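*Asks:* Quick check, what structure comes out for this input:
(chains A and B)
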Protein chains: 2
Amino acid sequence: MFEAAELGRTVSKEEYRKRELVLRGELLRAQQALRADARFPVIVVFAGVDGAGKGETVNLLNAWMDPRWIVTQAFGPPSDEERERPEYWRFWRALPPRGRIGLFLSSWYSRPVIDRAYRRLSSEAFEERLHRVVELEQMLAADGALILKFWMHLGKAAQKRRLTNLERDPLRRWQVDKLAWKHWRMYSKFAAAGEVAIRLTNRGDAPWAIVEGEDARYRSLAVGEAIKDAIRQKLADQAAGRPPQSARSESAASRKSQAASRASAARRTSPAASRVSILSSLDMTQKAPKKADAEIEKQQGRLNLLERKVRADGVSTILVFEGWDAAGKGGAIRRITAALDARDYRVIPIAAPTDEERAQHYLWRFWRHLGRAGGVTIFDRSWYGRVLVERVEGFATEKEWMRAYAEINQFEDQLADRGIALVKYWLHVTKDEQLRRFKERESTPYKQWKLTPEDWRNRDQWDAYERAVNDMIERTSTRHAPWTLVEANDKSVARIKVLTTVCDRMDRAIGKRK
Amino acid sequence: MFEAAELGRTVSKEEYRKRELVLRGELLRAQQALRADARFPVIVVFAGVDGAGKGETVNLLNAWMDPRWIVTQAFGPPSDEERERPEYWRFWRALPPRGRIGLFLSSWYSRPVIDRAYRRLSSEAFEERLHRVVELEQMLAADGALILKFWMHLGKAAQKRRLTNLERDPLRRWQVDKLAWKHWRMYSKFAAAGEVAIRLTNRGDAPWAIVEGEDARYRSLAVGEAIKDAIRQKLADQAAGRPPQSARSESAASRKSQAASRASAARRTSPAASRVSILSSLDMTQKAPKKADAEIEKQQGRLNLLERKVRADGVSTILVFEGWDAAGKGGAIRRITAALDARDYRVIPIAAPTDEERAQHYLWRFWRHLGRAGGVTIFDRSWYGRVLVERVEGFATEKEWMRAYAEINQFEDQLADRGIALVKYWLHVTKDEQLRRFKERESTPYKQWKLTPEDWRNRDQWDAYERAVNDMIERTSTRHAPWTLVEANDKSVARIKVLTTVCDRMDRAIGKRK
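*Replies:* Residues are numbered from 1 along each chain as shown, chains lettered A, B, ... in the order given. Have a look, this model is predicted:
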């Protein structure tokens, strides 16, 4: 079965550059269309041989697409809460909702295949387990889910080469432990179990693709193009189906009318109009150093090392990104996630609350996203919405957003008490620079989706937002949780500062533990 | 501080009967009004002396009110997931949404008071912890929550009497362990810590009531009446405030229009119309035995003993209640919960899905409610809605509900594999008996809230529902998860059968483990 994936296929650097450029745009557009349609989730399962690039591919997909709408999930040993429930509870917990993409590492295939390779499962018991997998995938597919499964393959000799190369790379050496070599020696047992798994679970509604894993460029394009094609196809196929869910647009509409009726009131109540502005004190003329890219890469390497240390220490990191529209939050986040192991971080995009969230205290929706120890949680917009958009648009009353400063400080105190490293960024651009970027987005086809009428409306409220931002920074820059103001007129300047700050913070968190 | 709660106050049996009757009606109406209003949650905290009736009071409140809209939560030692997050994460997780009542046993007060009594906390650290409690309660109260706190008190001599009495009661002996006596010997330390806790956290927006705990009748009425008064008052106070949340009614409306457009189609597609009906084979003329109440109590005692065994064994129980409107599901559930420790069960009422739930596979919302090992989870309506109301009303297409039988069987298989004891009840009444009960509800003031126009509409569809029920029973009565058909024209007959069945099932689950 695996012969076709041992052909030594490669892609040249030049070809890769060309195809990647096209693919990224296509993937982003497919992702946007998926979100807008919101009729089905995409579930992508990665399995296969150690060292075949599963984690790297998942990282790359997060970099290529918008990671805010991707759920990346790896499954380690079950927690005690998970052990007390049926085996699949952990997978149900992690399923992406319609309109999102879930990337699953070591999914429902991992345990059965390993147990079979180690002969902890009889051949019959193994098939029984695979049957349950089929039931799950069938059930999800019948409900509309698009399921794609990639078996990342290496021949035995190729795996040896790859493990050896990884061991020589100081940044990646950690991926190769004794277990990886042990599994390499058990190669034929894993291959046999893999073959059975693929054979019994390779179905029309959840097909496997076997991908040759040795050449990074080849495998990246193969996976990326397959995902893009499948999403496009599915969207086209069901263009004739039932209309998309309306829950999201309904609540957006009701929020909007609410906003209109309150906005004028809110504008009147903004205090602190005549104070010297913290934002206005920033030096926005900074230019990037000559070797900015090298500096970014250096900091990314540092981050990668630090991440493994904090994970080992059980220190969680929470990054909060706030900033003007078009200030480059997404790009900065991608520079961070690109340096991290996909198993260790989650990006939480904050949009309008769901109805379950509206039925609770506004902080409840942030509490629920706090991750386990050792991980990095990145909030793309955050609880500060309470004192920014909710204040300016009048979604919160003056009483509500005024008391929110204290509530937020108390919340962040509790994070600090648990030893969580919290970094809060405000990405600042000048009003002129924002205009320039808006216009660039308008005129660049693959960037148009980023610009919405709401961005223009927010721009009209620039002064109200600036007052709100200044108040926020003044009232919530605490010892445990200071704001980092990022001069973002130059993207490289911004990215270097973002990366350096999180590295320094992690460094201190580790030092403290010692 | 506690002197006023050591006066030996009692309530006579006769007075109790009279006041309880009134109070139950008032509590139910207050709870209904709270739900309809849905503008604020009610958070009731119980703390105090061992043996002062905290658990019993919570049980009684669940029996008096409709337990489907009550969230009862006790906090034991934290799980590993909880330990990896800030301390209060577990409390945020458990907060009731607006319109519901949360009853908290051993809440955020428990750990600080115990740690202080044991001198694991200095006086300053203790006050620091209490300060955090104040912040939490203030934050929730500011968001509209009604917070009530009851300190259940016993004098030292009274506690000794009470513990001794409990030890003599074979059904309650388990409540008194070595630790209870150890804490009794530490009485003055606990009393001192309690006094400080009450003093520092007794605030207008979250007041304490100290309740004398020795006489069960007195303390039950005291707590119940205080809760009822506070809910009423708060509802009245904010009658002039902002309009209630509209999310719920919006989605209900959109479901309804969807329903109208599909209902006629669905009616045409119901198969199995001419088969001999499983339901029609039931003997609906059964009358209760003479000593029905004694039998019910006997089974409740049995259930109470069994529950502690299954808890110790880590065997979870899931009860599913389906049945005609007015068939007595609520009453049957109350007979079960009355026999259980409030710490061990959860009642999950299933209504229309939230928008988060609609964005997932329909089984996702049930997976998320699966409890930890050793507990009893009671579903008041369940995943069978897919093949009942969703089929009959046309919310699900024929293809969807047809494949649901297999999906449900697979789901229940996974429960069985985890060793979970699953009991499924269909409570059956004849069409005539339902009519009689509807009319009784119409003419009994305190029962009117139970009858809605939807009940009459469902009754018009009796035949379509009967076909759906017959199909469901035929296709989902599996070896692991058979249906129990309950002849419910006579309420005592039904309750005895419900109780006996769950006891027998638990008995088998324990036997299997051995």
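*Asks:* When you work out contacts or count neighbours from here on, use the C-alpha atoms and nothing else.
*Replies:* Will do.
*Asks:* how about the strands in the stretch 51-200 of chain A?
*Replies:* Listed in chain order, the strands found in the stretch 51-200 of chain A under DSSP state E, counting those that start in this stretch are A:70-74, A:101-105, A:146-153.
*Asks:* And for chain A?
*Replies:* Assigned by DSSP state E, the strands in chain A fall at A:42-48, A:70-74, A:101-105, A:146-153, A:208-212, A:317-323, A:345-349, A:376-380, A:421-428, A:483-487.
*Asks:* Make TSV out of the ones you listed and add mean neighbour count and distance to chain B.
*Replies:* Listed next are these as TSV, based on neighbours: other C-alpha atoms under 10 Å in any protein chain shown; distance: least, C-alpha to the nearest C-alpha, whole Å:
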stretch	mean neighbour count	distance to chain B
strand A:42-48	24	12
strand A:70-74	21	14
strand A:101-105	24	13
strand A:146-153	23	13
strand A:208-212	21	22
strand A:317-323	22	12
strand A:345-349	21	15
strand A:376-380	23	13
strand A:421-428	23	12
strand A:483-487	21	21
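*Asks:* Quick check: mean pLDDT of stretch A:236-243?
*Replies:* When pLDDT is averaged over stretch A:236-243, the result is 69.
*Asks:* which residues of the stretch 401-514 of chain A fall in helices?
*Replies:* In the stretch 401-514 of chain A, helices defined by DSSP state H, counting those that start in this stretch lie at A:431-443, A:453-460, A:462-476, A:491-513, listed in chain order.
*Asks:* roughly how far is the helix of greatest length in chain A from the heart of the chain?
*Replies:* Using DSSP state H, we find that the single longest helix of chain A is helix A:13-37. When C-alpha coordinates are averaged (C-alpha atoms, centre = their mean, to the nearest Å), helix A:13-37 and its chain have centres 17 Å apart.
*Asks:* Figure out the length between the terminal residues of stretch A:325-334.
*Replies:* Criterion C-alpha to C-alpha, to the nearest Å; first-to-last residue distance in stretch A:325-334 is 16 Å.
*Asks:* Show me which residues of it are buried.
*Replies:* A:325-329, A:331-334 (16 or more other C-alpha atoms under 10 Å in any protein chain shown).
*Asks:* Which members of those occur in helices, if any?
*Replies:* Members of the buried residues of stretch A:325-334 lying in helices (criterion: DSSP H): A:329, A:331-334.
*Asks:* Save those as CSV, and put in distance to residue A:297 and pLDDT too.
*Replies:* Converted to CSV, those look like this (distance: C-alpha to C-alpha, whole Å; pLDDT from 0 to 100):
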residue, distance to residue A:297, pLDDT
A:329, 18, 95
A:331, 14, 94
A:332, 13, 96
A:333, 14, 96
A:334, 13, 94
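*Asks:* Which member of those is positioned nearest chain B?
*Replies:* Distance to chain B across these (C-alpha to the nearest C-alpha) is lowest for residue A:333, with 23.4 Å.
*Asks:* residues in contact with the closest one?
*Replies:* With contacts defined as C-alpha atoms under 8 Å, 6 or more residues apart in numbering or on different chains, residue A:333 is in contact with residue A:378.
*Asks:* And for residue A:104?
*Replies:* A:43-46, A:72-74.
*Asks:* Just give the closest residue to residue A:123, not the sequence neighbours.
*Replies:* residue A:116 (7.5 Å; C-alpha to C-alpha, 6 or more residues apart in numbering or on different chains).
*Asks:* Distance-wise, check the one you found relative to residue A:503.
*Replies:* For residue A:116, the distance to residue A:503 - C-alpha to C-alpha - is 41 Å.
*Asks:* count of residues packed around residue A:470?
*Replies:* Per other C-alpha atoms under 10 Å in any protein chain shown, the neighbour tally for residue A:470 reads 18.
*Asks:* rewinding a little: point out the other helices and strands that the longest helix of chain A packs with.
*Replies:* Applying 3 or more C-alpha pairs under 8 Å, 6 or more residues apart in numbering or on different chains; DSSP states H and E, one finds that helix A:13-37 contacts helix A:54-64, helix A:216-237.
*Asks:* 7 Å instead, please
*Replies:* Under the contact criterion of 3 or more C-alpha pairs under 7 Å, 6 or more residues apart in numbering or on different chains; DSSP states H and E, helix A:13-37 touches helix A:216-237.
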